[in-house]
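J.: Give me coordinates for this.
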Amino acid sequence: MSKTTIRQRISFTSLQKKVLFALASMVGLRMLGLFLVLPVFTLYGLRFTNSKFLVGFAFGAYALTMAILQIPLGRLSDRIGRRKVLILGMTLFSVGSFLCALPPLFPHSWQIWELILGRLVQGGGAIISVAFATVADYIEPERRSTAMAMLGIPIGVSFAVGIIGGPILAGWFGTPSLFWMTGVLGLGTDFLLARYLKEENPKREAPAPMSQIFAQPPLIAYAAGGFLINFFMSIFFFNFPLIVTGQHHLKLTHYYMLLLPMMVVSGFTMFGFSQGADKEMARPLAAFAYLLFIPSFIMLFEPSWLGLNPLRLLPVFLAGTLFYIGFTGLEPILPSLVSKTAGTASYGTALGFYNTAQFVGSAVGGPLAGFLANYSAQPKVWVTVVAAAIGVLMMAATKAPARTEPAHQ
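T.: Model (predicted):
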């Protein structure tokens, strides 16, 4: 093997680095804006209405439009190019963010509805699948998992910074300032995308029919896996504050003491997962990641089953660490498997299908977590353990993708 070939396998080209930088910045700044408002959104919404249902609907409206538009925007990017759709999506996201900052300026009876409108428009920037499709366009299949893991790093950093910094900034400048900041960050990513992504000519090859994409069992399995990722995320983060604050009396401003070590550990393991996936071990590693959710949720809800003291925070920390290892391991692997399975004319559409399933998982997981909160811990354990076991079986039964695609250099 030549030195040039070895070097290409180890590092990305200059163009690939610029593209990954632009995409990682886009994803990171976008998610930072969302995580900044996450801890304070409910209190912000209750300023405009006494209806917790409407506040909850405003919170979920973002994921609703995200789920609806993932496939249409992914399919549109297959037709007119990724760059145009990414810039359009980030602009919509910024406009929606600005709208979310404006309810105090409206009559009281309109305020919650204006907030809901802002969240719906925010979700209209449904470009996650397009971002992953762009990675598939530029990065060779054997290094795609590592490249997609690089898009996951800013998400983890944004979560840590947002959860810690959001309540502090809201206390200093007011919650609307977080939405103004979010909108400005979104517009900033438009500049990066315009600078580093080249203008594309429309593809001559028509996007694959939807029926052809949905008829492939591996794509169905990977989409179901994506559903489970966000399903688990919703259940974990719904219950996490109830357990650490409600049972262990940990303040919101002290969450970082638990979350940061979890994310540091998972940051290292994520690259282990992605590098192993690039060595044709993607499906076994995905099955192992789903397997980790089983002890994670047992320790979260019924730590005594494993001989741990439920009165201590150690089981929560261990549960969260295993959750993050599994979650961050799956985040780069599954989109990479989707891109390797789908044809070149259907990257955007297939990844749109995958990401739609992810957001549906959030939509199902949140209400189900709220419903199960009225019962003992055992139903929560059985629901999550059975779901994780299904994930293990799906990854074990799915055949490895046989095709490879050249990437643009």
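
J.: any idea how far residue 373 lies from residue 238?
T.: Here the distance between residue 373 and residue 238 works out to 7 Å (Cβ to Cβ, to the nearest Å). Any C-beta I mention is one placed from the backbone N, CA and C, and that applies to glycine too.

J.: Could you check which of those two is surrounded by more residues?
T.: residue 238 (17 against 11; other Cβ atoms under 10 Å).

J.: gap between the helix or strand where that one lies and the chain center?
T.: Per DSSP states H and E: residue 238 is located in helix 217-241. Distance of helix 217-241 from the chain centroid (Cα atoms, centre = their mean, to the nearest Å) equals 10 Å.

J.: Going forward, count from 26.
T.: Okay, residue one is now 26; in that scheme the one you just asked about reads as helix 242-266.

J.: buried residues in that helix?
T.: 243-265 (16 or more other Cβ atoms under 10 Å).

J.: Quick check: mean pLDDT of the helix or strand that it is followed by?
T.: Using DSSP H and E, the helix or strand that follows helix 242-266 towards the C-terminus is helix 281-301. Mean pLDDT, helix 281-301: 79.

J.: Relative to the whole chain's centre, how far out is helix 281-301?
T.: 15 Å.

J.: need the helices for the stretch 26-175 of the chain, in chain order.
T.: 28-35, 39-62, 66-70, 77-105, 107-125, 133-148, 153-163, 169-198 (DSSP state H, counting those that start in this stretch).

J.: Tell me what angle the longest one forms with helix 39-62.
T.: Spelled out, it's helix 169-198. 40 degrees (axes from the mean of the first three to the mean of the last three Cα atoms, to 10 degrees).

J.: Give the other helices and strands that helix 169-198 contacts.
T.: helix 39-62, helix 153-163, helix 200-221, helix 281-301, helix 339-366 (3 or more Cβ pairs under 8 Å, 6 or more residues apart in numbering; DSSP states H and E).

J.: Repeat the analysis, applying 6 Å as the threshold.
T.: helix 39-62, helix 281-301, helix 339-366 (3 or more Cβ pairs under 6 Å, 6 or more residues apart in numbering; DSSP states H and E).

J.: Report the rounded mean pLDDT for it.
T.: According to the model, helix 169-198 has a mean pLDDT of 74.

J.: Run the chain-centre distance for that helix.
T.: That offset, for helix 169-198, works out to 11 Å (Cα atoms, centre = their mean).

J.: just stretch 394-412 next, same as before
T.: With Cα atoms, centre = their mean, you get 23 Å for stretch 394-412.

J.: Contacts for that stretch next, please.
T.: 253, 259-260, 263, 319, 322-323, 326-327 (Cβ atoms under 6 Å, 6 or more residues apart in numbering).

J.: Using neighbour counts, pick out the buried residues of it.
T.: Buried-residue list, stretch 394-412, by 16+ other Cβ under 10 Å: 394, 397, 402, 405-406, 408-410, 412.

J.: And the furthest pair within these?
T.: 402 and 412 (15.8 Å; Cβ to Cβ).

J.: Which of the buried residues of stretch 394-412 fall in helices?
T.: Among the buried residues of stretch 394-412, the ones falling in helices (DSSP state H) are 394, 397, 402, 405-406, 408-410, 412.

J.: which one of these is nearest residue 105?
T.: Distances from residue 105 to those, taken by Cβ to Cβ, are shortest for residue 412, at 37.4 Å.

J.: separation between the closest one and residue 316?
T.: 12 Å.

J.: now do residue 200
T.: 40 Å.

J.: who has more neighbours, the two?
T.: residue 200 (22 against 18).

J.: Without its sequence neighbours, what residue ends up closest to the more buried one?
T.: residue 69 (4.4 Å; Cβ to Cβ, 6 or more residues apart in numbering).

J.: For residue 275, give me its contacts.
T.: So residue 275 contacts residue 269 (Cβ under 6 Å, 6+ apart).

J.: and if we set it to 8 Å?
T.: 269, 282-283, 338 (Cβ atoms under 8 Å, 6 or more residues apart in numbering).

J.: Now do the phi/psi pair for it.
T.: phi -90, psi 130 (degrees, to the nearest 10).

J.: And it, what's its pLDDT?
T.: 77.

J.: Kindly report the same for residue 39.
T.: With respect to pLDDT, residue 39 has a value of 77.

J.: from the contacts of residue 275, which would you call buried?
T.: 269, 283, 338.

J.: And these, which is closest to residue 100?
T.: residue 283 (40.4 Å).

J.: Give me the nearest residue to that closest one, chain neighbours excluded.
T.: residue 342 is the one closest to residue 283 (Cβ to Cβ, 6+ apart), at 5.7 Å.
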